[in-house]
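Colleague: The sequence and its predicted three-dimensional model are supplied below.
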Amino acid sequence: MESTPTSILRRIGHQRKNASEPEPVPARESALPSQQAWLILYALMIPSTIMPLSSSMSRVALPVLRDTFAMSADVVAWTSSAFTLPYMILMPVYGRLSDGVGRRRLILAGIAIFSVGSAMTFFATNLTWFMIGRAAQGFGIAGIMPLGMAFIATIFREGERGKALGTWGSIGPLTAAIGPFIGGFLIAAWGWRAAFGPALLLGIVGLFAVNQWVPAGLSNVRPRFWRTFDWPGVLLLAGALTMGLFYLSSRPITGVEPLQDWRLLAALFICFGAFLVWERRRPDPFVSLGLFRYRNFSFASLCAAMRMFVMGGSSFLVPLYLVDIHNISPTVLGLILTINPAGMTVMVRFGGLAADRWGSRWPVFAGLSGQALSVFLFSLLPASAPISLALALLALHGLSVGTMLAALHQAAMSETDEDQMGTAAGVYSMIRFVGVAIGTALAGVLLRGALLSGLPVIEAYQQVFLATAVAGLFGIATSLGLRSRKPAGN
């Protein structure tokens, strides 16, 4: 009798390796017919547009928000960090829950929560409610990336996985390219609120698409999983990440200057130490520390964190830089900010195909090198430099990020057991966004400090761009540790 896709997936999900040390996982056969797998992928691409649309349009709104609420640079950074903090904390929660609760229902619940947060942000009458709405957005949308990645890694065989991840990954940069273009016109006409309305509408469309075209039963469901879930581990890790971000940008939180509130630093070490001790003793931990025994998972996660550190810092700086140095309008700013994601869109599919053919190491190395170079060259631009040079550097940055995007995803998942896909995708995604949270917060802190020190505005921006680029060197060095593996039989 022919097995159904659901029964095949459940049987695969119960197969575990019995080895004391991690070994590369052999090529996995597709658990679904190719046509059905691609239909699911296309359906998942719709909610995958929500986060890049919201983020890209909010970046166009940054200068207007800064002026409306009279915020300093470090507080401006918190308009992004309020979203990123719950987003990165809950990524592994969604991923881990998906291994026992079901991915489809978590995606639907997450989109619904995000939609509520979008409504709160859109109708906010003060900065406090705006920040709460941004946090709710991050809380809801955190699961889309790891759950989508786990779905795709499960339903596609290894020879197609890079192409599938590249196709799925291309929708984010494409949406991020369209978002600023639309956002610039909307913000110029109706103010900063217009940057957050389209995401609410897209959330409703995403709910319909997943409910209609992603079938139930494609992941394991364990009835008692909620009760046995490692909630103390979640709280300890959330505490560590929160205290770490608060320490980096403490002035808006505790009133103490950044990197000087030792209470927050002590709380960070206590929470993180307790988390490690607790997770090692748990039979079924929230974060399986054994994942880091996989070489490619560990190195890909570090590379991705550094990529996002540089990307977070530069994405925060560039809109403010263009407005402060070149005095451009929201409409023009929106047009300019399409260049970076457009470059990513052009290259992301090629990067996935390159990873399938040659392995992940060299696409990642080339991408990180180009990214760091583009930000370094920003630090050399004088105020008199023509804006066309900034546009060229944004294009270089986007092309570089697109080259390594799918390659990093594939490397992170290449050695992971089938029944740990959700957990691995969640942890990997969280580590990536730890990078963007730190990069954004630190750029805000450094920019405020440089401006308060009396430096001319252009020199303050140059100094922060340089610091961001130097951090990218660590990612370049780390990429050489990736194991370049080709699919079996190639």
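Modeller: Alright, I've got the coordinates.
Colleague: Can you get me a residue count around Ala424?
Modeller: For Ala424, the number of neighbouring residues by other Cβ atoms under 10 Å comes to 27. Glycine gets a C-beta too; all of them are placed from N, C-alpha and C.
Colleague: so where's the chain shaky on pLDDT?
Modeller: Of all residues in the chain, those with pLDDT under 70 make up the ranges 1-33, 99, 158-159, 217-223, 418-419, 422, 484-490.
Colleague: Please name the residues that touch the residue positioned nearest the centre of it.
Modeller: Note on the chain: the residue nearest the mean C-alpha position is Phe433, at 4.9 Å, using Cα atoms, centre = their mean. Taking Cβ atoms under 8 Å, 6 or more residues apart in numbering as the definition of contact, the neighbours of Phe433 are Thr84, Tyr87, Met88, Met91, Met308.
Colleague: and what of Ser118?
Modeller: For Ser118, the contacting residues are Ser54, Gly133, Gln137, Phe196, Gly197, Ala199, Leu200, Gly203, taking Cβ under 8 Å, 6+ apart as the criterion.
Colleague: Ok, Val434 next?
Modeller: With contact taken as Cβ under 8 Å, 6+ apart, Val434 is in contact with Met88, Leu241, Ala305, Met308.
Colleague: Any chance of the residues you listed in JSON lines with secondary structure, neighbour count and distance to Leu322 as columns?
Modeller: Supplementary listing: these in JSON lines, determined by DSSP: H, G, I helix; E, B strand; the rest coil; neighbours: other Cβ atoms under 10 Å; distance: Cβ to Cβ, whole Å:
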{"residue": "Met88", "secondary structure": "helix", "neighbour count": "26", "distance to Leu322": "27"}
{"residue": "Leu241", "secondary structure": "helix", "neighbour count": "22", "distance to Leu322": "31"}
{"residue": "Ala305", "secondary structure": "helix", "neighbour count": "23", "distance to Leu322": "26"}
{"residue": "Met308", "secondary structure": "helix", "neighbour count": "26", "distance to Leu322": "21"}
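Colleague: Which pair of the residues you listed spans the longest distance?
Modeller: Using Cβ to Cβ, the two most remote members of those are Leu241 and Met308, lying 14.2 Å apart.
Colleague: Buried residues, whichever strand or helix holds Ile107. List them.
Modeller: When secondary structure is defined by DSSP states H and E, Ile107 falls within helix 103-123. When neighbours are counted by 16 or more other Cβ atoms under 10 Å, the buried residues of helix 103-123 are found to be 103-104, 106-111, 113-122.
Colleague: What of stretch 261-270?
Modeller: Asp261, Leu264, Leu265, Ala267, Leu268.
Colleague: again with stretch 370-385
Modeller: Neighbour-count burial for stretch 370-385 flags Gly370, Gln371, Ala372, Leu373, Ser374, Val375, Phe376, Leu377, Phe378, Ser379, Leu381 (criterion: 16+ other Cβ under 10 Å).
Colleague: Return the host helix or strand of the fifth one as PDB; C-alpha atoms alone will do.
Modeller: Ser374 belongs to helix 361-378 when elements are defined using DSSP H and E. These are the backbone C-alpha positions of helix 361-378, laid out as PDB (Å, rounded to 0.1, in the frame of the first residue of the first chain):
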ATOM      1  CA  ARG A 361      32.100  28.100   2.300                       C
ATOM      2  CA  TRP A 362      33.000  30.300  -0.700                       C
ATOM      3  CA  PRO A 363      29.700  32.000  -1.300                       C
ATOM      4  CA  VAL A 364      29.600  32.900   2.400                       C
ATOM      5  CA  PHE A 365      33.200  34.100   2.400                       C
ATOM      6  CA  ALA A 366      32.600  36.200  -0.700                       C
ATOM      7  CA  GLY A 367      29.400  37.700   0.600                       C
ATOM      8  CA  LEU A 368      30.800  38.600   4.000                       C
ATOM      9  CA  SER A 369      33.900  40.200   2.400                       C
ATOM     10  CA  GLY A 370      31.800  42.300   0.000                       C
ATOM     11  CA  GLN A 371      29.500  43.400   2.800                       C
ATOM     12  CA  ALA A 372      32.300  44.500   5.100                       C
ATOM     13  CA  LEU A 373      34.000  46.300   2.200                       C
ATOM     14  CA  SER A 374      30.800  48.300   1.300                       C
ATOM     15  CA  VAL A 375      30.400  49.500   4.900                       C
ATOM     16  CA  PHE A 376      34.100  50.400   5.200                       C
ATOM     17  CA  LEU A 377      33.900  52.500   2.100                       C
ATOM     18  CA  PHE A 378      30.900  54.300   3.600                       C
END
